[in-house]
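In: Dropping a prediction and its sequence here:
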2 protein chains.
Amino acid sequence: MAGKKQFDMDTVLDAAMVQFWRSGYADTSLDDLSRATGLNRSSIYSSLGDKDTLFLRCLDRYAKRYGDKFDAALSCAAEDPVAAVRAFFDVTLGRIADPAVPDGCLMAQSVMASPALSPSVAEHVKELFGLQRPRLRAALKAGGMSDENAEGFAVHVAAVNQSLAVMGRAGSSPEQLRAIVGVTVDALARALRPLG
Amino acid sequence: MAGKKQFDMDTVLDAAMVQFWRSGYADTSLDDLSRATGLNRSSIYSSLGDKDTLFLRCLDRYAKRYGDKFDAALSCAAEDPVAAVRAFFDVTLGRIADPAVPDGCLMAQSVMASPALSPSVAEHVKELFGLQRPRLRAALKAGGMSDENAEGFAVHVAAVNQSLAVMGRAGSSPEQLRAIVGVTVDALARALRPLG
DNA sequence: CCCATCTTGGACTGATCAGTTCAAGACGTG
DNA sequence: CACGTCTTGAACTGATCAGTCCAAGATGGG
């Protein structure tokens, strides 16, 4: 059965990430990971490391994948910051609406569960989670916002964006999620057109 | 050692609630609960039921305690809806700042972990979590807001309020948390003074 | 065609989990 | 003072956990 790796690393990491994403770190056993990836326990250990190591890989994978999408959404911030923030929220709304992927947010639920994680993993989660605010601040400043306003809106938008996953998992409808971001986008549009 | 109950039920329920609040359902073992409450396993079972039953009691206790505070904060909505929403957020900000109580939010983290809970418990969590929105909607309508605006702001405020617990657990400072609610309160003030 | 190498599957370990059982013993009643 | 009742502590059960180990066997180089 062996001699050559019998699996595609990307496929396996995606499957593991989805498993952690759906059930969280504590409620994902190695048997769950084995079932989800199709790999045996010893194959997981030899190829992906122990549970903490694999979890960190999945966190990084998640942060990279959606971080890139967030960056792309915000890339037009200099020309149209309101459209950029709208596109930013659309990344999350699209992810929540995507039936191919769990609802919720791996980062948000890992942060919430951080007291139960090992300290080093918890620290890593918070670092990745904290990347969102500077990303937004830079975009808003590029869009012409003052330092102070950009700081305040950045943390607000990051918070609202994160809340969508919780509200979605709590059963809020897509319309309700759009209403949540609508208030923020309107406030941003007004802050950027103080003369309007 | 026995013949009469050796503990105060309120004290014990508070201790159990705090334990679930700090560590979540999955990462709270009966040994943890036994240590936190000072009660033996069999005493927990005979007096408080099994883990699910006790968890439900703690959820209800949490929802009642803070639900009452939220109601009190919103009671002045008819006269001053902006101050009411500000007071609403202050309940959460005060809770997060209170060192006597864990950061995070028992409801939010239970919702996030709901796929790992038993279906009936998950359903109960979502019901309790969903009480926030109608509470806010009624207050905003009492404050003179249109049905449509009240609905949108209610779900937005509920989302932002929930996000404070996540952001706080992720390490956001009290100033950042205030900035998050500041954007929402400003938007609300503007929506309520369309002629200003 | 053969052998060294490496993946794989499954069995195993010790720890911990939720939940049960029961004897020991403290209380209140008579 | 004696007895029934009820709480309590500790031991126990079967399941599941993360992590380890090793024989079986497929592969590719020589």
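Out: Looks like it came in fine. Residues are numbered from 1 along each chain as shown, chains lettered A, B, ... in the order given.

In: As CSV, could you dump the C-alpha coordinates of the helix-or-strand element of chain A with minimal mean pLDDT?
Out: Least confident helix or strand of chain A, by mean pLDDT, DSSP states H and E, is helix A:41-48 with a mean of 91. Provided in CSV are the C-alpha atoms of helix A:41-48 (Å, rounded to 0.1, in the frame of the first residue of the first chain):
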residue,chain,number,x,y,z
ARG,A,41,-3.6,8.0,12.4
SER,A,42,0.0,7.1,11.8
SER,A,43,-0.1,8.8,8.4
ILE,A,44,-1.4,11.9,10.0
TYR,A,45,1.3,11.9,12.6
SER,A,46,4.1,11.2,10.1
SER,A,47,2.9,13.6,7.4
LEU,A,48,1.2,16.3,9.4
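
In: all helices in chain A, in order from the N-terminus.
Out: Listed in chain order, the helices of chain A (DSSP state H) span residues A:9-23, A:30-37, A:41-48, A:51-74, A:81-97, A:106-112, A:119-129, A:132-142, A:147-169, A:174-192.

In: among the ones you listed, which is nearest residue B:149?
Out: Each of the helices of chain A was scored for nearness to residue B:149 using C-beta to C-beta, and the closest is helix A:174-192 (9.4 Å). Placement of C-beta: from N, CA and C, glycine included.

In: Just the mean pLDDT for the closest one, thanks.
Out: For helix A:174-192, the mean per-residue pLDDT is 97.

In: returning to what we had before: quick one, which of the helices of chain A is packed in tightest?
Out: The highest mean neighbour count among those, using mean count of other C-beta atoms under 10 Å in any protein chain shown, belongs to helix A:106-112: a mean of 26.

In: Check which helices and strands that one is in contact with.
Out: Packing partners of helix A:106-112 (3 or more C-beta pairs under 8 Å, 6 or more residues apart in numbering or on different chains; DSSP states H and E): helix A:9-23, helix A:51-74, helix A:119-129, helix A:147-169, helix B:106-112, helix B:147-169.

In: quick check, the second one touching DNA strand D?
Out: Yes. Looking at helix A:51-74 against DNA strand D by C-beta under 7 Å from any atom of the strand, the contacts come from A:51, A:52.

In: which other residues reach stretch A:132-139?
Out: For stretch A:132-139, contacts defined as C-beta atoms under 8 Å, 6 or more residues apart in numbering or on different chains pick out A:67, A:70-71, A:74, A:77, A:81, A:84-85, A:88, A:150-151, A:153-155, A:157-158, A:161-162.

In: Report the entries of these that also contact chain B.
Out: Restricting those to those touching chain B (C-beta under 8 Å from any C-beta of the partner chain) yields A:151, A:153, A:155, A:158, A:162.

In: can you pull the contacts of the residue nearest to the second one when sequence neighbours are not counted?
Out: Just to be clear, that refers to residue A:153. Nearest in space to residue A:153, with sequence neighbours left out and distances taken as C-beta to C-beta, 6 or more residues apart in numbering or on different chains, is residue A:140 at 5.6 Å. Taking C-beta under 8 Å, 6+ apart, we find residue A:140 in contact with A:77, A:81, A:85, A:149, A:150, A:153, A:154.

In: do residue A:21 as well
Out: A:58, A:62, A:101, A:102, A:104, A:106.

In: Repeat the analysis, applying 7 Å as the threshold.
Out: Counting by C-beta atoms under 7 Å, 6 or more residues apart in numbering or on different chains, residue A:21 touches A:102, A:104, A:106.

In: ok, these vs residue B:19, which is closest?
Out: residue A:104 (23.6 Å).

In: number of nearby residues for the closest one?
Out: Residues near residue A:104, counting by other C-beta atoms under 10 Å in any protein chain shown, number 25.

In: out of everything not next to it in sequence, what's closest to it?
Out: The shortest distance from residue A:104 to any non-neighbouring residue, by C-beta to C-beta, 6+ apart, is to residue A:169 (4.5 Å).

In: shouldn't the one you found be in contact with residue A:103?
Out: Yes. Counting by C-beta atoms under 7 Å, residue A:169 touches residue A:103, with 5.1 Å between them.

In: Up against chain B, what does chain A have?
Out: A:22-24, A:26-27, A:104, A:108-109, A:111-116, A:126, A:129-130, A:152-153, A:155-156, A:159-160, A:162-163, A:166-167, A:169-172, A:176, A:179-180, A:182-184, A:186-187, A:190 (C-beta under 7 Å from any C-beta of the partner chain).

In: where does chain A have low pLDDT?
Out: In the predicted model, chain A carries pLDDT under 70 at residues A:1-6, A:194-196.

In: again, only using 80
Out: Flagging of chain A using pLDDT under 80 yields the residue ranges A:1-7, A:194-196.

In: For residue B:47, find the nearest of the helices of chain A.
Out: helix A:106-112 (29.4 Å).

In: Report the distance from that closest one to the chain centre.
Out: 9 Å (C-alpha atoms, centre = their mean, to the nearest Å).

In: cool, and stretch A:116-135?
Out: With C-alpha atoms, centre = their mean, you get 11 Å for stretch A:116-135.

In: got it, and stretch A:70-82?
Out: From the chain centre to the centre of stretch A:70-82 is a distance of 18 Å (C-alpha atoms, centre = their mean).

In: Contacts made by that stretch with the rest, please.
Out: Contacts for stretch A:70-82 (C-beta under 7 Å, 6+ apart): A:83-84, A:87-88, A:90-91, A:135, A:139-140, A:142-145, A:185, A:188-189, A:192.
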